[in-house]
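K.L.:
this is a predicted model, with the sequence first.
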Amino acid sequence: MDRHATGIQKSLAEIQARKDAEGNLTLLRGQASQASGYVPFLVSILPDPDTLISVPRDLTARARLYGLDFGFAFGASTKGATTTAGTIAYTMSGKGAVDKWIDFLRAVESGSPLTAVERATFSSTDGKLYEAKINGTIFSQ
């Protein structure tokens, strides 16, 4: 009897979990429908790709404030649409103290919500001066 009662309790718990999951799925579908109305507006407030020409100059100036030897290059891009953001890959590289690099990256990420740092690699031969290579994405229209 105990074994059957335990099996029944497990089955009831599984049925309840499935009901909860179905309810959550219905809720999420409704919220996704509501959120889709905001997407065109959010994409429209992103910068036009042509206006990003000053990004290398601006980041180079900011890197100098942190005492970093710095380089910047744009990479591949994808065109956005009314419902999806466009993206432009970038690579930053240079040399400097690791704490200065971290401060610089924090300033870049907090200063521009449309810039994402995806990967940062640091290497050093002396533990003081670090070479950095940073890859990321800039979002645009």
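P.N.:
Sure, I can see it. In this text, all values refer to a predicted model and were calculated from it rather than measured experimentally. Numbers count the residues shown, from 1 in each chain.

K.L.:
and the spatially most central residue of the chain, backbone torsions?
P.N.:
In the chain, the C-alpha nearest the mean C-alpha coordinate belongs to residue 116, at 4.5 Å (CA atoms, centre = their mean). For residue 116, the backbone dihedrals (degrees, to the nearest 10) come out as phi -120, psi 130.

K.L.:
please tell me how far it sits from residue 90.
P.N.:
10 Å (CB to CB, to the nearest Å). All C-beta atoms are positioned from the backbone trio N, CA, C, and that covers glycine.

K.L.:
if we can go back for a sec, what sits opposite the residue nearest to the centre of the chain in the beta ladder?
P.N.:
residue 137 (DSSP bridges).

K.L.:
dump the residue contacts of it.
P.N.:
For residue 116, the contact set (CB atoms under 8 Å, 6 or more residues apart in numbering) comprises 109, 136-139.

K.L.:
what is in contact with residue 116 and residue 90 at once?
P.N.:
136-138.

K.L.:
neighbours around residue 23, how many?
P.N.:
Residues contacting residue 23 under the criterion other CB atoms under 10 Å number 10.

K.L.:
give me the element it is part of.
P.N.:
Assessed by DSSP states H and E, residue 23 sits inside helix 2-36.

K.L.:
show me what the mean pLDDT comes to for the next helix or strand after that helix.
P.N.:
Proceeding N to C from helix 2-36, the next assigned helix or strand is helix 39-44, under DSSP H and E. The average pLDDT within helix 39-44 is 83.

K.L.:
list of residues touching helix 39-44?
P.N.:
Outside helix 39-44, the residues within contact range by CB under 8 Å, 6+ apart are 80-85, 141.
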